[in-house]
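Trainee: Any chance you could fold what I've pasted below:
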Amino acid sequence: MEPGINSPRSDGSADVMDRGDEDARALSLRWSARVSLTPRILFVNVFALGLLAGGFFYLDSYRSRIVDGRVTQSIREARLIAESLASVSERQRPDLALRLAKDTGARVRVYDPAGKPVIDTRRLGLRNVVLQDPDKQDWRQSSARFLDAVIDTVVGTPRGPLYREHFEGHDWPDVREARDTPTVAATVWRAPDRTPVITAAAPFRGGGVVMTTINAREITQTVRLERFRLGVVLLVVSMASVLLSLFLARTIVRPLRKLARAAVRVRVGRAREVVVPRLPERRDEIGMLARALSDMSLALRARIDAIEAFAADVTHEMKNPLASLRSAVEGMTTVKDPELQARLLAIVRDDVQRLDRLITDIAEASRLDAQLSRTKFEPVDLGAMIAALIESREARGVERGVRLQFLRRTELPLIVAGEGARLERVVENLIENAISFSPDDGLIVLSATREHDIVSVAIEDQGPGVPHDAREQVFRRFQSLRPEGEAFGKHSGLGLAIARTIVEAHQGTIFAAGRTDGAEGARFVIRMPTGDLR
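Mentor: Presented below is the predicted three-dimensional model:
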């Protein structure tokens, strides 16, 4: 064999790798087996809530977009204020700066080319931008700031520089940039209470610079309000999800645990009559599972009982010929009369034949269920099969002049799904049984008909019939009502029991009754569903 991926290696390393993979899979299965369904259900639902909790981090991008919008607005306002102040005389500029600061809500400062302050709306008496002292705020604001810091750390939000007041214009980076490069510059600062402070500087005609300052506290308040609302929603949904998960786990895990305990009791056999709960109130898959397990345990119990009874019956039936055989063998050692020895030898031969017949029938009966469970059913024409059996039986000759007659009482097809050889065995057993009970020159009538989706086959004879109280008994194992004059031990008493087993394996029924015309005789009826191989 050419070496390949799956080729065995001489040093056995491939076997070691296979064992390692198997051990890893077994360890994984053992780990999952130790985890109950309840934490699994909780984990799945809480994991989905974790995705919803990601909305807290989405608010960071929401805040960034709002801040970017306010920066753009501050740049536009700084440019417009610079153009407005440049269009009036120096004496009118302080009054105009105050009006513009009131309209925009910003603190307006004007610096000359040397960076010295020329106009400051705060010095003119307008205190519209006042930073909050975090030490003087209540615990709710402190908690909100702490939560802001945690979320900013988790999502990696860059922290702005701490806002500090400066007197000279060249101490402000926005003023320096606007003065050196005649463009509008802006910076987002961080106030002591973690609210954003936005400064914007625009070049002023003549070499000066106009700077605006605004504390966008409403941005932080908006984000915190949305975060609070999301937190309330998340809390309510989390409580509902946990309660629903526990309810779902309770409705699933508890009945499964009850079924598992019942199955363990059945397995260990500590209770002979273990009752597996059927959960009739459950109409879902768990209820179906409970009823299936209950039916399975009942079927298993019935099978065990049948096996025990079968073993007891076999023991009882085999003791009789063995006892007779032992007596005959012991007698042959003491009897000297050749005639008596011949009789004892005949008894030995009969007992051996009886044991052989009994063992053969017992072996067939014991493996019949297993064979039928593995058999693939095919369409079988019962009408053609019965006609062929009668023709074959007549060709071999029927003793005592007994006649066989087949009446087909319908033109509909008599097709059933089954195994032809087993069904032939059933009909042949019933024919042989009818022949053995029929009188000399008697008539056996086999008839077949179909009603809707049921095919019925009846075998009637003119024998003594089956007593009413024995019509169910004759189908039991080792039960036989033989005709008078027949030698003992010719039949094992398993023929009708085997016939019933075969018919029931084909979803049919078989029973004994009296003749329909009221005359003396027995009537055996087989009813089977029409063939459906789906």
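
Trainee: show me what contacts residue 516?
Mentor: Residue 516 makes contacts with 460, 523, as judged by Cβ atoms under 8 Å, 6 or more residues apart in numbering. Backbone N, C-alpha and C define where each C-beta goes, glycine included.

Trainee: Output the longest helix belonging to this protein.
Mentor: In the chain, assigned by DSSP state H, the helix with the most residues is helix 217-268.

Trainee: Checking my notes, residue 376 in a strand, right?
Mentor: No - applying DSSP: H, G, I helix; E, B strand; the rest coil, one finds residue 376 to be coil, outside a strand.

Trainee: Check the gap between it and residue 112 for me.
Mentor: From residue 376 over to residue 112 the distance is 105 Å, taken as Cβ to Cβ, to the nearest Å.

Trainee: Just the endpoints, please. Distance across stretch 410-428?
Mentor: 22 Å (Cα to Cα, to the nearest Å).

Trainee: For it, give me every contacting residue.
Mentor: Surrounding stretch 410-428, the residues in contact under the criterion Cβ under 8 Å, 6+ apart are 372, 375, 377-383, 385-386, 389, 393, 408, 446, 448-450, 455, 457, 459, 498-499, 502-503, 505-506, 508, 510, 526, 528-533.

Trainee: Could you pick out the buried ones from these?
Mentor: Neighbour-count burial within the contacts of stretch 410-428 applies to 372, 377, 380, 382-383, 385-386, 389, 393, 408, 446, 448, 450, 455, 457, 459, 498-499, 502-503, 505-506, 508, 510, 526, 528, 530-531; the criterion is 16 or more other Cβ atoms under 10 Å.

Trainee: Select from these every entry located in helices.
Mentor: When helices are assigned by DSSP H, the members of the buried ones among the contacts of stretch 410-428 inside them are 372, 382-383, 385-386, 389, 393, 498-499, 502-503, 505.

Trainee: mind exporting stretch 176-191 as PDB, just the C-alpha atoms?
Mentor: The C-alpha trace of stretch 176-191 is given here as PDB (Å, rounded to 0.1, in the frame of the first residue of the first chain):
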ATOM      1  CA  ARG A 176      -2.200  80.000  17.500                       C
ATOM      2  CA  GLU A 177      -3.400  77.900  14.500                       C
ATOM      3  CA  ALA A 178      -5.900  80.500  13.400                       C
ATOM      4  CA  ARG A 179      -3.200  83.200  13.600                       C
ATOM      5  CA  ASP A 180      -0.400  81.300  11.900                       C
ATOM      6  CA  THR A 181      -2.500  79.700   9.200                       C
ATOM      7  CA  PRO A 182      -5.500  81.800   8.400                       C
ATOM      8  CA  THR A 183      -8.000  78.900   8.900                       C
ATOM      9  CA  VAL A 184     -10.700  78.200  11.500                       C
ATOM     10  CA  ALA A 185      -9.500  75.700  14.100                       C
ATOM     11  CA  ALA A 186     -11.400  73.900  16.800                       C
ATOM     12  CA  THR A 187     -10.600  71.600  19.800                       C
ATOM     13  CA  VAL A 188     -12.800  69.400  22.000                       C
ATOM     14  CA  TRP A 189     -11.800  69.700  25.700                       C
ATOM     15  CA  ARG A 190     -12.900  67.700  28.700                       C
ATOM     16  CA  ALA A 191     -14.500  69.600  31.600                       C
END
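
Trainee: For that stretch, list every residue counted as buried.
Mentor: Applying a neighbour-count criterion of 16+ other Cβ under 10 Å, one finds 176-179, 184-189, 191 buried in stretch 176-191.

Trainee: Over to stretch 353-367?
Mentor: Taking 16+ other Cβ under 10 Å as the basis for neighbour counts, the residues of stretch 353-367 that come out buried are 354-355, 357-358, 361-362, 365.

Trainee: and of these, the nearest to residue 93?
Mentor: Taking Cβ to Cβ as the measure, residue 365 is the one of those closest to residue 93, at 118.5 Å.

Trainee: so which strand or helix has that closest one?
Mentor: Element membership of residue 365 [criterion: DSSP states H and E] is helix 338-374.

Trainee: For the stretch 101-250 of the chain, which segments count as strands?
Mentor: For the stretch 101-250 of the chain, applying DSSP state E, counting those that start in this stretch gives strands covering 107-111, 117-120, 185-190, 196-203, 209-215.

Trainee: counting contacts, what elements does the helix or strand residue 303 falls within pack onto?
Mentor: When secondary structure is defined using DSSP H and E, the element that contains residue 303 is helix 285-334. Under the contact criterion of 3 or more Cβ pairs under 8 Å, 6 or more residues apart in numbering; DSSP states H and E, the helices and strands touching helix 285-334 comprise helix 217-268, helix 338-374.

Trainee: quick one on the thing from earlier: pick out whichever of residue 376 and residue 112 has more residues nearby.
Mentor: residue 112 (15 against 7; other Cβ atoms under 10 Å).

Trainee: Was I right to think that one contacts residue 179?
Mentor: No - between residue 112 and residue 179 there is no contact, the gap being 10.1 Å when judged by Cβ atoms under 8 Å.

Trainee: Centre-most residue in this structure?
Mentor: Nearest residue to the geometric centre of the chain (Cα atoms, centre = their mean): residue 285, 9.0 Å.

Trainee: Now do that residue against residue 262, distance only.
Mentor: As for residue 285, its distance to residue 262 is 18 Å (criterion: Cβ to Cβ).

Trainee: and what of residue 433?
Mentor: Taking Cβ to Cβ as the measure, residue 433 falls 44 Å from residue 262.

Trainee: and the two? which has more neighbours close in?
Mentor: A count of neighbours by other Cβ under 10 Å puts residue 433 above the other of residue 433 and residue 262, at 23 against 19.

Trainee: Which helix or which strand is home to the more buried one?
Mentor: When secondary structure is defined by DSSP H and E, residue 433 falls within helix 420-437.

Trainee: any residues in contact with both of residue 112 and residue 179?
Mentor: Taking Cβ under 8 Å, 6+ apart as the contact rule, residue 112 and residue 179 both touch 169, 207.

Trainee: tell me the secondary structure for the residue in the chain sticking out farthest from the centre?
Mentor: Counting by Cα atoms, centre = their mean, the extreme residue of the chain relative to its mean C-alpha position is residue 91, 85.0 Å from that point. Per three-state DSSP, the local secondary structure of residue 91 is coil.

Trainee: which non-adjacent residue is nearest residue 71?
Mentor: Closest residue to residue 71 apart from its sequence neighbours, by Cβ to Cβ, 6 or more residues apart in numbering: residue 186 at 5.1 Å.

Trainee: give the contact list for that neighbour.
Mentor: Going by Cβ under 8 Å, 6+ apart, the list of residues near residue 186 reads 71, 74-75, 78, 174, 198-201.

Trainee: per-residue confidence at it?
Mentor: The pLDDT attached to residue 186 in the predicted structure is 94.

Trainee: What residues are bridge-paired with it?
Mentor: When bridges are taken as DSSP bridges, the partners of residue 186 come out as residue 200.

Trainee: can you check residue 415 too?
Mentor: In this structure, residue 415 has beta-bridge partners residue 381, where bridges are defined by DSSP bridges.

Trainee: Report the separation between it and residue 378.
Mentor: Distance from residue 415 to residue 378, by Cβ to Cβ: 10 Å.
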